[in-house]
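Colleague: can't give you the sequence, but here's the structure:
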Ligand code: HEC
Ligand code: HEC
Ligand code: HEC
Ligand code: HEC
Ligand code: HEC
Ligand code: HEC
């Protein structure tokens, strides 16, 4: 599977230098309303070609064989938004709206825009077990969004790994972890269990019933 993805992606990485014809430049000339680029991810990787950009190619989001992934829809633009104006910035398109930038504070796009970018897929019924609620959860608060816990430009998401997950949680919950409640009378071995074994952080206050007895 990975080999197949690599072969599909390879031309994107290897051909940054492929030129854009004059007709294409004209077709992509700045307009007020951006649209999806015709070449999709390929047009982005021409400029954003570093290691980090490549890493996403091996992640589930870039598996075109899974229905509804960014790779199977609009590639980079599924998350970052319509890029026709952005890709023409090199031709003087400055001043147009920026693409969606996932970060906190001044560097990031407005929080609602960031959440919406992810929830446009992940709040949908069609997502099956990858459908999440988040809105109304304990972490749905002004300074927190998906990127506080998740990363996209990595082969695998840190939340899927026990050690990486516990580390991210402890950034904000160091004290709670030190004073963590006993579960069934026992202290938790945090080196042996991920927080998500018991906590679903995407829904309001949910701890497995069995554990609460
Ligand atoms: C012609 C080169 C070029 C192409 C093509 C290009 N980018 Fe960019 N991109 C840049 C530059 C340069 C910046 C930094 C702009 C700045 O800091 O003002 C940037 C910034 C960004 C940012 C940060 C937010 C912003 O808008 O400044 C994102 C996200 C981004 N690009 C995604 C993409 C995506 C997705 C595509 C494909 C649709 C793409 N880029 C195509 C050159 C390019
Ligand atoms: C175009 C739709 C789409 C968008 C936009 C999208 N995702 Fe996904 N995402 C998916 C699909 C489909 C899967 C399921 C892949 C699979 O079945 O393994 C997935 C999987 C995931 C997973 C599980 C990864 C794993 O290792 O199993 C996480 C976490 C995730 N997405 C978070 C995000 C975040 C955060 C954002 C916004 C920055 C986002 N997604 C934007 C469609 C999307
Ligand atoms: C406070 C940290 C945190 C925040 C904020 C957060 N998540 Fe998660 N997310 C997790 C953890 C932990 C898991 C792992 C759950 C597991 O593996 O059981 C996860 C798993 C996921 C999955 C995979 C679900 C599955 O069952 O495979 C998706 C999709 C996802 N998150 C999307 C999002 C989106 C979209 C946002 C923002 C709207 C978001 N998350 C915000 C911590 C977070
Ligand atoms: C699943 C949603 C998703 C997809 C698809 C995606 N990105 Fe990103 N991108 C993010 C997130 C989230 C970040 C913040 C860093 C991180 O989580 O790794 C980011 C960060 C970036 C940045 C850094 C912007 C800045 O200065 O903060 C650039 C540039 C970028 N992505 C370009 C791309 C390109 C090019 C592609 C296609 C190859 C792409 N992205 C595909 C979600 C996505
Ligand atoms: C073995 C199951 C289990 C594991 C693993 C676990 N917790 Fe808990 N946690 C609980 C239970 C049970 C409670 C008490 C019920 C409640 O208050 O929601 C609790 C309570 C909490 C609370 C307080 C909730 C409140 O309402 O005040 C926080 C914060 C918390 N846990 C964070 C974490 C973090 C971070 C990790 C991972 C480093 C973690 N927990 C691992 C079961 C667990
Ligand atoms: C960016 C900081 C931040 C990160 C990262 C973070 N949390 Fe939280 N978390 C908070 C804040 C703030 C609250 C709300 C505390 C309150 O209401 O008193 C909270 C609340 C909680 C609660 C209480 C839930 C409830 O319903 O009362 C639990 C459990 C929890 N977090 C677990 C986690 C786990 C597990 C992770 C890692 C996957 C995590 N948090 C990552 C900031 C964070």
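Modeller: Looks like it came in fine. Only a predicted model underlies this, so the values are computations on that prediction, with no experimental measurement involved. Ligands and ions are numbered 1, 2, ... in the order given.

Colleague: which secondary structure state is assigned to residue 126?
Modeller: helix (DSSP: H, G, I helix; E, B strand; the rest coil).

Colleague: confirm for me that it is in contact with residue 120.
Modeller: No - using C-beta atoms under 8 Å, residue 126 is not in contact with residue 120; the gap is 11.7 Å. No exception for glycine: its C-beta is placed from N, CA and C like everyone else's.

Colleague: for residue 183, give me phi and psi.
Modeller: phi -110, psi 120 (degrees, to the nearest 10).

Colleague: close to ligand 4, is the longest helix along the chain?
Modeller: Ranked by residue count, the top helix of the chain under DSSP state H comes out as helix 162-178. No - using C-beta under 6 Å from any ligand atom, helix 162-178 stays clear of ligand 4, coming no nearer than 11.9 Å.

Colleague: touching ligand 3 at all, that helix?
Modeller: Yes - Helix 162-178 lies within reach of ligand 3 by C-beta under 6 Å from any ligand atom, at residue 165.

Colleague: buried set for that helix?
Modeller: 162, 164-166, 168-169 (16 or more other C-beta atoms under 10 Å).

Colleague: quick one: residues in contact with it.
Modeller: 148-149, 158-159, 190, 193-196 (C-beta atoms under 8 Å, 6 or more residues apart in numbering).
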